[in-house]
Structures are given as C-alpha cells and as structure tokens.
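Asker: Dropping a prediction and its sequence here:
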2 protein chains.
Amino acid sequence: MSEDYKELTIETLSTRLGDINTLKARLGDDPNLWTSNEVGDGNLNLVFIVQGPKGKLIVKQALPYVRVVGESWPLTLKRAFFEHEALVRQAERTNNLVPEVYYFNQKQAILVMQFMQPHVILRHSLKDGIKHKNLAHDMGIFCAQTLFRGSSYSLTAPAFKADLAIFSDNVALCNITEDLVFTDPYYDADSNNINSPALDAVVSDLRKDVELKIAVQILKAKFFTQNETLLHGDLHTGSIMVTQNETSIIDPEFATYGPIGFDVGMLLANFWMAYFAQQGHQTTDDNRDDYRKWILKIVEKIWISFTQEFSNLWQTERNGILFEDKLFKDQGHQNASDEALTQLLTTIWQDAIGFAGAEMIRRTIGLAHIMEIDTIEDIKARANVEKNCIAMGRKLITQSKKFENIDNINQFIVKIEKDSKL
Amino acid sequence: MSEDYKELTIETLSTRLGDINTLKARLGDDPNLWTSNEVGDGNLNLVFIVQGPKGKLIVKQALPYVRVVGESWPLTLKRAFFEHEALVRQAERTNNLVPEVYYFNQKQAILVMQFMQPHVILRHSLKDGIKHKNLAHDMGIFCAQTLFRGSSYSLTAPAFKADLAIFSDNVALCNITEDLVFTDPYYDADSNNINSPALDAVVSDLRKDVELKIAVQILKAKFFTQNETLLHGDLHTGSIMVTQNETSIIDPEFATYGPIGFDVGMLLANFWMAYFAQQGHQTTDDNRDDYRKWILKIVEKIWISFTQEFSNLWQTERNGILFEDKLFKDQGHQNASDEALTQLLTTIWQDAIGFAGAEMIRRTIGLAHIMEIDTIEDIKARANVEKNCIAMGRKLITQSKKFENIDNINQFIVKIEKDSKL
C-alpha cells in the first residue's frame, strides 16, 4: 500500500488490503475469502462493504474528483485525512456516537471503519414515516459534546490553535459549502437544480431580496471567520444512521472550525424540511399527522438535549481561557457564569436559526436536494413543499432574532403549511 | 550564523553579522568600523542601533524570555518569525508605513531593518504636547489597508486560510494579550500594577461588576475566535514612530488573526487615554486645551481616513468570497454592496468601542501602563486621570452600542473630564 494512489475496485480490494492485521482480525485471516460490494450512494467517494468469515466492515476511499460530477470537477484526496482526523476527535469527545476507525492510509485516501448494522440512513425513515427512539437525545448529546469539547471553552489555547491550523487546510470542502450553501442559490449558477417552471417566480423574487442576500453573506462571513469550534460541517439527516434505538453520525469530511450554530442549524433545518415533505407522502390511509408532530417533537427534544448537555459541560468542563472561575465563582459571582451561558445559548440559537434558513433554501434550489422532497411524485405537491421550505428559509435568515424559541418556530411552521394548503 | 541561538552583544554584533551582504551594503564593507548601541526600552527584546560609515540600521533580537521580567518568564523565540512575517505582509499591503526589512534569521531570532530617523515614539509627543501632521491620515490608511487586504473580503480562501494556519501558532504572544487585556485586571492577579490605595475602591467596584466582566469575556472570545483579518495585534501609540510629517508603524510581533475592530479600538483608546493624561501635564503657561482638542480631532480624522480608505478598497479590491458582484452588482443591485459596507463599518465601530474600553482599563490597572499617565508626578492628579480612563473604559464595554459615532464619544469624554474636576 505504499504505491501511488490508485482507486480500489471490488476485484483488487482484498489483494491490496489483505496484509493489514486489523482488517484480518475483523474479517478473517484469508483475504481470498473476503468479498466486497461497492455501495457508495453519496456525492463524493467510493464506499465498499467488505465481508469475510468473521465479520463485515466499511472501506471508504476518496476519489480525486467529485463522484457525482466526474473528473471534470477535481477534488483533493486530503478530504479523507480530514474525515479521519474528525472521526478520531468525535470518538474521543462522544461516547459511541460515531463509527469506530480500524485503519487509515492517507496516500491511498482509504479509511476502514465499523459497519453499522442494522442501521439505515435517517433520511429514508423520514420519508417513510418511521420513528426512532433515542434519536433526539443522541443528536443533542452529539452536538453538545463535539461542539463544546472542540471549542475554546473546553480546550487550552495551544491545543485549540494547533487544531485550527490543521483544519484550516480543509479549504476545498469548505469551498463547496461556501459556494453551494451561501452563494449559488442567490444567482443563476450552473450548479443550481431548480424545479422549473413551478419555482421560477419564487426564485426570481428571492434573488431580488437584497436584505436577504446581504444577510446570507453575513452568515457566510460568520461561517468563514468565526472559528469557535470544530464542526462536523455536513450534519444533515443523510449523515445520520439509525436503528430503532441507536444513532451513529458519519461522513465528517467537511469538518472545519466554525460557529457552533452552524451544525445545529443544518441539523434542525433538515427536520423542518422533512416535516414539509410529509405533505407529499401522505395518503388517505396514512395522513402523517402523527408523524409530523413527531418530527417537531424531535426538533424540540434535540434542542433540549443539546442545551442540557452543553450546560452540563459548561459547568463541569469549562477548562479553556474563557469565563474562568477566577473571574466569577472565585469572586463570589456564582450566578454570573450561568448568565454568561444563557447569553451564549441565545447566540447559538440565533446563529442556528440563520444557518437553518440558508440550508432550507440551498437544499431546495441549489445543487444538492433532499431525498424526502425529490421523491415526491406529484409535481405540484412537490413545488408546494419546496415553496414552504423557501418561505421558511427566507424568514429564518432575515428575521432570526424574532424566533426566540422552538414554540415560535412551531407556530410559524404550522401557519406556513396551513397557508400553503389554502 | 548557523550556530545555536545566542544573544547578541554590542561586542559580538559586528563579528556575528559582518558577513551579511545586505548589511554591508548599508553600513559599509568593513564590519570593524561598525559600532552598536543597545537601546531596547520595550518589554521584550534586544534592540541595537548599528552605525557604519555608510549608514545606520536596527538589529532586533528576541530573547528566550520576557526582558522586563527576566528568565523566570520564558517566551518563545518564534515571535521574531511572526514579527517578520507580519512586517513583510504590512509592507506589501501599505505604502511605506512600516520599516523596510533587510535581513531575517529565524534560528537567531534576529530581524535587521530600517532605522527610522529622525522619528520618535508617538507616546513622547503625546506627553509633551507635540502635534504631527499626517498622523491621522496615515494611521487610518494603515488600518484600512492592512485590515482590509488581510481579510476574507480581499484574499482568496486558500490564501487566507494558509495564512491563518501560519499565525495560529503565535499562541504565546496571543496568550499575553488574552491574560493582560482580558483577564488579569478583573481579578487579583500578581501581574497587575495598581495605583494603590488611590484606586482601590474603583478597582473593587469594577470587579463586582458582573455585567462588565461577562462583556469582557465576550470580547475575549471575539478576539480569540473571530479570525477576520491579520491584526497588528499591539497597535498602541508606543508602536508608532513619527516625524513632523511621517508615520511608521513598528513591532507587530503580536500579529494574529482576529476581529478588525481590535486594532482600531486599541489605537483609539490610546489617544483617549492621552487626552485624559493632559490634565497631569498642563501648566499655567501651557493649559493644553488646544492640544486636547487636537487629540480628539486626530481620533475623528483616523476614523474618517480609515472608513474612506476601507470603503475605497471595498469598492475596488473586494476579490474574496464575500459579497461577490455576481450576487449584487451583476443583478442590478449596485446599492446593496454599499448597504453591506455600512453594516460592516457599524460592526467594526462597535467592536472597536468595546476593545477600546478593555484597553483603557488594562493600561490603567494591568501590568503595562502608558507613559503619559505614569509620568504624572502629582499622585492625586494621576489617580484622577486613571479614574477617568476606568470610567470611560467601563462604559465603552458595557454600552458599546450606545456610542453611535465620534460625536457621542467626544461629548462623553468632555463630560467625564468635567465631572472629575468638580
């Protein structure tokens, strides 16, 4: 495996990886008995499920280009390095919420990791109306633990800045976010994917909204310059694998330092879009009303789980250079750090609302859509769902401070949906 | 010069640097004819003026400890590297506003540069009531050009992030700022230098102000995490050299990525402190009224010069990934980028006001004071000036949004001074 980079194939995989002891230990000693399937359905990489007599595992290899587009869109192999670095940190910072890494080869951009079974991608459940038990709790914990423990509230300055320097080099994948989330939907970019002509008027109207476009650029600047913590960077419901009781977060190759609210906002937005999408999947037998309520409840519980765990870590692991005890508690101002926490959570919430709005717009008219909406067969129903997403996204971005809590959001969502049905 | 690091002395300097052609070209070919004086009056480094038959130059060498404290406070030699990197960038980004660099040796932490003559440190002029002609214009230009051209508004993402990674390692000097500016004054730190007992009640009151302490920690977080541009990092009036018409900015070893408002705020604060200090230097022959007005005018002109040049660069050099023309101008929204600029300048102003407040407090009760105040002989007059600085600092920090412009500030300053004389 010391040769130059070469794409794996199902034919070459067991020969090329057959010498690696950690793989043998999990698959069985004789690589001739390993079989592989290429199952990558994402936009970027090769993904193999490898099976041997003793078990299964995942082999993920970055390609030197964007898979969904082809060699005309080159993309650095170093993204595998960032995914590995992020997975290692997430594993340290959370408990069992990411797949275990078994092996990494930077030159070949190969990452070998735990095969999550019988997990499915959450997005499929959200389309099919399937509930998951610990999802909200786990996602709140994941966000709180990774975002707090990677931040300057937790890390020492030298540790934080050394890590910042490492992830600063993940320019190529951040650039995708900067373009696809914060730029392309707001002008006539080739990359956009618009349900035309149904959405033409809505898109035209959106691009005339100067206040919105300025606000999006301020969000982009925040994403780019506010290096508050190590983000997952692509925390949508396609990056979450679930069983009835378990949750596993995958694909952190977009990992970068950024504002805490970014991951939180992306995550919540994907549930809100899934909520609107129910309109396109409901049938006379299955009106999805109960499932709609479940989705809103999930969002509410994620936020509660997040703030509870974040507050807990704030009280017990605030070992960074900010809000030190010597300035507050040691001077008899015990309540001051609670007050500071409240202010911080308010900022995170407001940031999250803004980023959620950007996510809802870009997932509707930008390059990458969400499966729950794209699979709506009735074109009119789909356009209606998309319009709801855009209407909500715009409001979240331009009026983020008016949504003070989940209740405000929920009332607004119900109103949007009601209006759109008239 | 390839040997291990060794401190220069006036005896060894010409032998050790005598082979360097760029030095010979400026001093004369025979190092035996070079003479040196050690003139470092700063807190950290050795500084030599070296004279030869053909001219003079400055040799600055970092020590492996903080000079003013001694070997008990070790400090990385790498700060010379950051100073050099910053000077090179500032020279590229401004026109003749920093000393020219002739030679750099990282291992020896030696930086050889232009000897500014007949320049003096601005602080001395501010104490003695001496005016300088292009000062405000030059400082506004320096701030606008370095802060805009080092930012994500100007640089491409790869260039910006590569630079961010380099300066992330300037942890040690940032740590000094984090401690001395944002932490130590707010608890009973050994490093503090308080005019006691005259200021004891004021300091005690300040440390009981929970709202203030939280606001200062939010400023600290902003300094630490908001990596908007490459800062000078120590832009006070002791880092500015002046002649009647010329301005030169020195000592950027604290260079780091941070918020644009940090440099601007530090700079303005030092003028406001110098304003209050006049009270301690006025005599019956020289009431300093005219000079006081001149100082306030300088601040006003710095802000005007800064905003004019920043606006000019915003219109002509906005080549980064933010507020791109394709989102605004190309869609017929010419005015939108002006509107965005106005919002940005408002944010910079508010940040600057907050950082200015932190600077005024730390320069009064923290480790490093300002000479204009420390040289006030009448202890009561000095305490009065110091109280003014603290009163203003507190208000700037907790009510930064109430000061919408220079006029608000000026009215407030005049009121503070009037009240303190009663």
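Answerer: Happy to help now that I have it.
Asker: Around chain B, which positions in the stretch 51-200 of chain A sit nearby?
Answerer: Residues of the stretch 51-200 of chain A lying near chain B by Cβ under 8 Å from any Cβ of the partner chain: A:152, A:157-158, A:161-162, A:164-166, A:168-169, A:171, A:174-175, A:178, A:183, A:186-187. Where C-beta positions appear, they are placed from N, C-alpha and C, glycine not excepted.
Asker: Give me the buried subset of the residues you listed.
Answerer: Buried by 16 or more other Cβ atoms under 10 Å in any protein chain shown: A:152, A:157, A:161, A:164-166, A:168-169, A:171, A:174-175, A:178, A:183, A:186-187, out of these.
Asker: Can you point out the buried residues in stretch A:385-404?
Answerer: By 16+ other Cβ under 10 Å, the buried positions in stretch A:385-404 come out as A:385-398, A:400, A:403.
Asker: Does that stretch reach chain B?
Answerer: No - legend: contact between stretch A:385-404 and chain B by Cβ under 8 Å from any Cβ is lacking; minimum distance shown is 13.1 Å.
Asker: Check the average confidence over that stretch, would you?
Answerer: On average, the pLDDT along stretch A:385-404 is 96.
Asker: quick one on the thing from earlier: so which pair among the buried ones among the residues of the stretch 51-200 of chain A next to chain B is furthest apart in space?
Answerer: A:Ala157 and A:Tyr187 (39.5 Å; Cβ to Cβ).
Asker: And the furthest pair within the buried residues of stretch A:385-404?
Answerer: A:Val385 and A:Ser400 (22.4 Å).
Asker: For the host helix or strand of A:Phe82, name the packing helices and strands.
Answerer: A:Phe82 is part of helix A:79-93 when elements are defined by DSSP states H and E. Counting contacts by 3 or more Cβ pairs under 8 Å, 6 or more residues apart in numbering or on different chains; DSSP states H and E, helix A:79-93 is packed against strand A:56-62, strand A:101-105, strand A:110-114, helix A:135-149, helix A:157-168, helix A:171-182.
Asker: Of the ones you listed, flag the one that's most buried.
Answerer: Mean neighbours per residue, mean count of other Cβ atoms under 10 Å in any protein chain shown, is largest over the helices and strands packed on helix A:79-93 for helix A:135-149, with a mean of 25.
Asker: Convert it to CSV, retaining C-alpha atoms only.
Answerer: The C-alpha trace of helix A:135-149 is given here as CSV (Å, rounded to 0.1, in the frame of the first residue of the first chain):
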residue,chain,number,x,y,z
LEU,A,135,-32.6,10.0,18.0
ALA,A,136,-33.3,13.4,19.6
HIS,A,137,-31.4,12.6,22.8
ASP,A,138,-28.4,11.3,20.9
MET,A,139,-28.2,14.1,18.4
GLY,A,140,-28.4,16.7,21.2
ILE,A,141,-25.6,14.9,23.0
PHE,A,142,-23.5,14.6,19.9
CYS,A,143,-23.8,18.3,19.1
ALA,A,144,-23.2,19.4,22.7
GLN,A,145,-20.2,17.1,23.3
THR,A,146,-18.5,17.6,20.0
LEU,A,147,-19.2,21.4,19.8
PHE,A,148,-18.4,22.1,23.4
ARG,A,149,-15.3,19.9,23.7
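Asker: The helix or strand hosting A:Ile302 near chain B at all?
Answerer: Counting by DSSP H and E, the element that carries A:Ile302 is helix A:289-316. No - judged by Cβ under 8 Å from any Cβ, helix A:289-316 makes no contact with chain B; its nearest approach is 12.6 Å.
Asker: That helix versus helix A:135-149: what angle between them?
Answerer: Interaxial angle, helix A:289-316 versus helix A:135-149 (axes from the mean of the first three to the mean of the last three Cα atoms, to 10 degrees): 30 degrees.
Asker: Just list what helix A:289-316 packs against, helices and strands only.
Answerer: Partner elements for helix A:289-316 (3+ Cβ pairs under 8 Å, 6+ apart): helix A:135-149, helix A:260-281, helix A:334-365, helix A:406-421.
Asker: could you redo the last one with a cut-off of 6 Å?
Answerer: For helix A:289-316, the elements it packs on are helix A:135-149, helix A:260-281, helix A:406-421, judged by 3 or more Cβ pairs under 6 Å, 6 or more residues apart in numbering or on different chains; DSSP states H and E.
Asker: can you list the helices and strands packed on helix A:79-93 in CSV and add distance to B:Ala381?
Answerer: Formatted as CSV, those follow (distance: least, Cβ to Cβ, whole Å):
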stretch, distance to B:Ala381
strand A:56-62, 68
strand A:101-105, 66
strand A:110-114, 68
helix A:135-149, 49
helix A:157-168, 39
helix A:171-182, 54
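Asker: Flag every residue of the stretch 201-350 of chain A that's near chain B.
Answerer: Contact residues (Cβ under 6 Å from any Cβ of the partner chain) of the stretch 201-350 of chain A with chain B: A:210, A:213-214, A:217, A:221, A:224-228, A:321-323, A:326-327, A:333, A:336, A:340.
Asker: Show me how to select, in ChimeraX, the buried members of these.
Answerer: Burial among those is assessed by 16+ other Cβ under 10 Å; the matching ChimeraX selection reads:
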select /A:210,213,214,217,221,224,225,226,227,228,321,322,323,327,333,336,340
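Asker: In chain A, where is pLDDT below threshold?
Answerer: For chain A, the stretches flagged by pLDDT under 70 are A:1-2, A:42, A:422.
Asker: What separation do you get for the residue nearest the centre of it and B:Leu180?
Answerer: For chain A, the residue nearest the mean C-alpha position is A:Leu235 (0.7 Å; Cα atoms, centre = their mean). Plainly put, A:Leu235 is 38 Å away from B:Leu180 if you go by Cβ to Cβ, to the nearest Å.
Asker: Tell me how far A:Leu313 lies from A:Glu246.
Answerer: In terms of Cβ to Cβ, A:Leu313 sits 22 Å off from A:Glu246.
Asker: Can you pull the domain assignment for chain A?
Answerer: As given by automatic domain parsing, the domain ranges for chain A are A:13-114, A:120-421.
Asker: what about the first one, how long is it end to end?
Answerer: It refers to domain A:13-114. One end of domain A:13-114 sits 17 Å from the other (Cα to Cα, to the nearest Å).
Asker: Next: the longest one.
Answerer: End-to-end distance of domain A:120-421: 32 Å, with Cα to Cα as the criterion.
Asker: what about the nearest residue to A:Leu367 once chain neighbours are set aside, how many residues close to it?
Answerer: Once flanking residues are discounted, A:Leu367 sits nearest to A:Ser191: 4.4 Å by Cβ to Cβ, 6 or more residues apart in numbering or on different chains. Residues near A:Ser191, counting by other Cβ atoms under 10 Å in any protein chain shown, number 15.
Asker: if I look at the residue lying closest to A:Phe81 once chain neighbours are set aside, how far off is A:His84?
Answerer: Nearest residue to A:Phe81 in three dimensions, chain neighbours excluded: A:Gln106, at 5.3 Å (Cβ to Cβ, 6+ apart). For A:Gln106, the distance to A:His84 (Cβ to Cβ) stands at 8 Å.
Asker: In terms of neighbours, single out the busier of the two.
Answerer: A side-by-side neighbour count of A:Gln106 and A:His84, using other Cβ under 10 Å, places A:His84 first with 23 against 13.
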